[in-house]
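*Asks:* Need coordinates for the following:
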Amino acid sequence: MKIVFLAFPLGKLGGIKTAQKYLEIGFRQLGVYYENYFISLNKKKLPELDKSWGWKVLGFEKKEWLDNYFRVVNKFDLVIWTVACPHELKNYHDTEWKKLFDIKPKQLAIIHDPYYEKYYRWYSEIPSKYNIRIVCPAQHMLDGIKRLEAMKKIIPNAFCICEHNKGLFNNVKENIVVDANNWKLARRKEELIKVADKIKGKIISFGDQTQLPFYLAKKEKNFNLVIHKGWSSREEILKTLEKAKVSTDLIGGVDTIMDYTILEAISKGAVPLTLVPFGKPHNKFFKGVVSSKYTLAKDINNILKNFEKFNDLRINNLNNLDVLKPAKIAEEYLKYSEEKYEVTRSKGVLF
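*Replies:* Residues are numbered from 1 along each chain as shown. Here you go, the predicted structure:
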């Protein structure tokens with residue numbers, strides 16, 4: 001079995017690149033050979049490596065580039081589209097990229113977010129035309145592609161606890177609340193700032209401070225009551241989570257949630273607090289506190305004050321991280337690639 005990962009351009013790639021890294025670890029643990037290629041939309045020149053991914057580059061806008069693409073990709077047994085299609089940007093309307101799916105290997109594509117209807121509708125006819133099996137890491141992503149005709153399945157993102165120490169870290173815990181999400185409107189980080197004056201603990205926020213939501217948040221009266229760390233290394237975020245009792249993930253516009261912000265908090269013994277419940281299949285394994293913008297400060301203070309009462313929840317979460325071991329998730333991908341292709345008429349087959 002030889003696999004090739006392909007990715008179209010996308011903006012901020014934190015969670016997707018993390019998911020990709022763990023999935024690659026899984027295939028290496030299984031002894032599966034793979035290569036990675038970035039698909040360039042450039043019409044004039046192809047770089048040898050893409051800066052955002054560090055992957056070798058393939059193109060399609062010139063005949064010789066397209067011919068080379070087919071020569072490279074058709075030697076593999078399975079294609080996994082890490083980014084399934086180009087983002088529908090206002091300055092990019094070319095549809096020549098659709099030729100790239102007319103290939104010999106079996107194909108899987110990962111839908112990493114719930115915004116298919118907004119940004120990726122021009123992908124709609126591709127999966128059923130080329131028998132592309134769709135993978136969604138969580139229920140809210142599957143819900144976002146209800147109208148996409150394809151074979152669909154939830155396979156959670158892998159999470160490799162061997163990369164950093166997991167534990168409860170009771171001996172270093174402080175009254176610290178962390179929001180490690182990036183500054184995006186959907187992440188609603190301002191909700192934490194609004195109640196910062198009511199929270200009986202230190203609040204630390206991470207995220208790219210060049211983003212518009214950060215500048216909008218500066219208008220909040222409590223803005224300076226939060227420690228803003230900016231775009232930081234994963235190591236710094238994890239060390240901070242070791243001391244934190246609460247990790248918030250206040251995403252809006254979805255019915256359920258599960259992401260690496262939550263999993264990393266769990267691995268460091270913090271209690272995850274969200275505004276929506278954990279989605280399938282993660283709700284089988286992990287527990288958190290579901291709050292609202294009206295009770296946010298009260299719920300956070302309750303965790304800080306009564307932290308020992310959440311020990312069973314924290315221990316359960318920590319133990320269940322094993323269900324996301326990379327080799328286990330990679331094996332699910334391989335099994336799925338061998339299933340008979342059938343368009344999913346229900347909400348998908350759950351992991």
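
*Asks:* The one helix or strand residue 117 maps to: what's the following helix or strand?
*Replies:* Taking DSSP states H and E as the criterion, residue 117 maps to helix 116-119. Next in sequence after helix 116-119, counting helices and strands by DSSP H and E, comes helix 126-130.

*Asks:* re the thing from before, I'd like the mean pLDDT over the helix holding residue 117, please.
*Replies:* Here helix 116-119 scores 73 as its mean pLDDT.

*Asks:* Could you give me the buried positions within it?
*Replies:* Using 16 or more other C-beta atoms under 10 Å as the test for burial, helix 116-119 gives residue 116. Any C-beta I mention is one placed from the backbone N, CA and C, and that applies to glycine too.

*Asks:* do the same with stretch 43-52
*Replies:* So for stretch 43-52, counting by 16+ other C-beta under 10 Å, buried means 46, 50.

*Asks:* what distance separates it from the centre of its chain?
*Replies:* 25 Å (C-alpha atoms, centre = their mean, to the nearest Å).

*Asks:* And that stretch, end to end?
*Replies:* 18 Å (C-alpha to C-alpha, to the nearest Å).

*Asks:* What average pLDDT does that stretch get?
*Replies:* Averaging pLDDT along stretch 43-52 yields 88.

*Asks:* Stretch 200-217 too?
*Replies:* Per-residue scores along stretch 200-217 average to 95.

*Asks:* dump the residue contacts of the closest residue to residue 86 other than its chain neighbours.
*Replies:* Nearest non-adjacent residue to residue 86, counting by C-beta to C-beta, 6 or more residues apart in numbering: residue 8, 4.8 Å away. Shown in contact with residue 8 (C-beta atoms under 8 Å, 6 or more residues apart in numbering): 39, 41, 81, 83, 84, 85, 86, 87, 97.

*Asks:* Show me what the longest helix along the chain is packed up against.
*Replies:* Counting by DSSP state H, the longest helix found in the chain is helix 14-30. For helix 14-30, the elements it packs on are strand 2-7, strand 33-39, strand 78-83, helix 260-267, helix 326-338, judged by 3 or more C-beta pairs under 8 Å, 6 or more residues apart in numbering; DSSP states H and E.

*Asks:* Between the ones you listed, which one is closest to residue 153.
*Replies:* Residue 153 sits nearest to helix 326-338 of all the helices and strands packed on helix 14-30, at 5.8 Å, using C-beta to C-beta.

*Asks:* List the buried residues for that closest one?
*Replies:* For helix 326-338, the neighbour count (16+ other C-beta under 10 Å) marks 326, 327, 328, 329, 330, 331, 332, 333, 334, 336, 337 as buried.

*Asks:* Kindly reformat the residues you listed as JSON lines containing pLDDT and distance to residue 248.
*Replies:* Converted to JSON lines, these look like this (pLDDT from 0 to 100; distance: C-beta to C-beta, whole Å):
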{"residue": "326", "pLDDT": "95", "distance to residue 248": "27"}
{"residue": "327", "pLDDT": "96", "distance to residue 248": "31"}
{"residue": "328", "pLDDT": "96", "distance to residue 248": "29"}
{"residue": "329", "pLDDT": "96", "distance to residue 248": "26"}
{"residue": "330", "pLDDT": "97", "distance to residue 248": "31"}
{"residue": "331", "pLDDT": "97", "distance to residue 248": "33"}
{"residue": "332", "pLDDT": "97", "distance to residue 248": "30"}
{"residue": "333", "pLDDT": "98", "distance to residue 248": "31"}
{"residue": "334", "pLDDT": "98", "distance to residue 248": "36"}
{"residue": "336", "pLDDT": "97", "distance to residue 248": "33"}
{"residue": "337", "pLDDT": "97", "distance to residue 248": "37"}
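
*Asks:* what's the closest of those residues to residue 76?
*Replies:* Comparing the buried residues of helix 326-338 against residue 76 with C-beta to C-beta places residue 337 closest, at 11.7 Å.

*Asks:* now the helices for the stretch 151-300 of the chain?
*Replies:* Secondary structure of the stretch 151-300 of the chain (DSSP state H, counting those that start in this stretch): helices at 190-194, 212-217, 234-243, 260-267, 296-305.

*Asks:* for these, which one ends up most surrounded?
*Replies:* helix 260-267 (a mean of 24; mean count of other C-beta atoms under 10 Å).

*Asks:* Identify all contacting residues around it.
*Replies:* Applying C-beta under 8 Å, 6+ apart, the contact partners of helix 260-267 are 14-15, 18-19, 157, 159, 161, 164, 166, 178, 180-181, 237-238, 241, 244, 247, 249, 271-272, 274, 278, 286, 288, 314, 317-318, 321, 324.

*Asks:* Output the lowest mean pLDDT helix or strand found in the protein.
*Replies:* Every helix and strand in the chain was compared by mean pLDDT, DSSP states H and E; the lowest is helix 116-119, with a mean of 73.

*Asks:* which regions of the stretch 1-150 of the chain lie under the pLDDT threshold?
*Replies:* 11-13, 89-90 (pLDDT under 70).

*Asks:* I'm done for today, thanks for sticking with me.
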